[in-house]
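J.: Predicted structure and sequence below. I'll ask about it afterward.
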Amino acid sequence: MIQDNDRLRIIDLWREDDIYDPRLVASVFSTSSFTRPANVTAYAAKDVMTDSVQKAMEFPNFSPIPGAAIDILNAILISSNPAASPGSFALLLFDSPQDLATDNSAYSPTGADIQSSVGMIYFDSYNSNAKSTLYHVASFNHLYVRLAPGQTSLWGVLVSVGAYTPISLENFTIKLWGEIVR
């Protein structure tokens, strides 16, 4: 009810629950990339995909508000490999930095790593052209995450869901879109 001079008006706004949420206050976007090592060693299921740094991908400044709650609405993965047999990947998201094993080794998170996990996104559908492959989520419901207190970034670990043969120096870029939730 909103007061209108000396009388009250009732305002009834139509909304579709899945599309409009009055708590959403700002759109956010972040991207992270890495280039894998210069080899073509095949990945097995649950192998870590990373560069030589052995750190999780950082999605910097995903929110201008430290510790914000974010509703991730969409995610894509772009690979420089126009693979004849594209892969399937999972992005594990964390609210703190993660140390990783070397590229192409089994992902084995510690108990502390698991405690900082905030979600997972499967890239299980793709479109390829002569120069690259665009992976996207076939069916995506919103992913609600809360950044750690004082943090404005998310971190991600990309793992192969099944066997995948990469190209040498393959580049991966992941883009995340969302809305800050009050």
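T.: Looks like it came in fine.
J.: Need the residue closest to the centroid of the chain.
T.: The centre of the chain sits closest to residue 176, judged by Cα atoms, centre = their mean, with a distance of 5.3 Å.
J.: Which secondary structure state is assigned to it?
T.: strand (DSSP: H, G, I helix; E, B strand; the rest coil).
J.: Give me the three-state assignment for residue 76.
T.: Per three-state DSSP, residue 76 ends up strand.
J.: That one against residue 172, yeah?
T.: No: the pair residue 76 / residue 172 is not scored as a contact, 11.0 Å apart, by Cβ atoms under 8 Å. For every residue, glycine as well, the C-beta is placed using N, CA and C.
J.: so is residue 114 in a helix, a strand, or just coil?
T.: Once three-state DSSP is applied, residue 114 turns out helix.
J.: Tell me the pLDDT of it.
T.: Reading off the confidence values, residue 114 has pLDDT 88.
J.: how deep is it tucked in, by neighbour count?
T.: 10 (other Cβ atoms under 10 Å).
J.: Also residue 157?
T.: Residue 157, neighbours per other Cβ under 10 Å, totals 22.
J.: I'd like to check what contacts the host helix or strand of it. Which residues are they?
T.: Here residue 157 sits within strand 154-160, counting by DSSP states H and E. By Cβ atoms under 8 Å, 6 or more residues apart in numbering, the surrounding residues in contact with strand 154-160 are 30, 32, 43-50, 56-59, 62, 77, 87-98, 100, 107, 109, 118, 145, 147, 172, 174, 176.
J.: Convert the C-alpha atoms of stretch 70-88 to PDB, please.
T.: What follows is stretch 70-88 as a C-alpha-only set of coordinates in PDB (Å, rounded to 0.1, in the frame of the first residue of the first chain):
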ATOM      1  CA  ILE A  70      24.400 -13.400  -6.500                       C
ATOM      2  CA  ASP A  71      21.900 -15.200  -8.700                       C
ATOM      3  CA  ILE A  72      23.900 -16.600 -11.600                       C
ATOM      4  CA  LEU A  73      21.600 -16.600 -14.600                       C
ATOM      5  CA  ASN A  74      23.900 -17.800 -17.500                       C
ATOM      6  CA  ALA A  75      27.300 -19.300 -18.200                       C
ATOM      7  CA  ILE A  76      29.200 -20.100 -21.300                       C
ATOM      8  CA  LEU A  77      32.600 -21.700 -22.000                       C
ATOM      9  CA  ILE A  78      34.600 -20.900 -25.200                       C
ATOM     10  CA  SER A  79      37.300 -23.300 -26.300                       C
ATOM     11  CA  SER A  80      39.800 -22.600 -29.100                       C
ATOM     12  CA  ASN A  81      39.500 -26.300 -30.000                       C
ATOM     13  CA  PRO A  82      37.100 -26.900 -32.900                       C
ATOM     14  CA  ALA A  83      37.000 -30.600 -31.800                       C
ATOM     15  CA  ALA A  84      35.400 -33.300 -33.900                       C
ATOM     16  CA  SER A  85      34.500 -34.900 -30.600                       C
ATOM     17  CA  PRO A  86      33.800 -32.000 -28.200                       C
ATOM     18  CA  GLY A  87      34.000 -32.700 -24.500                       C
ATOM     19  CA  SER A  88      31.700 -32.200 -21.500                       C
END
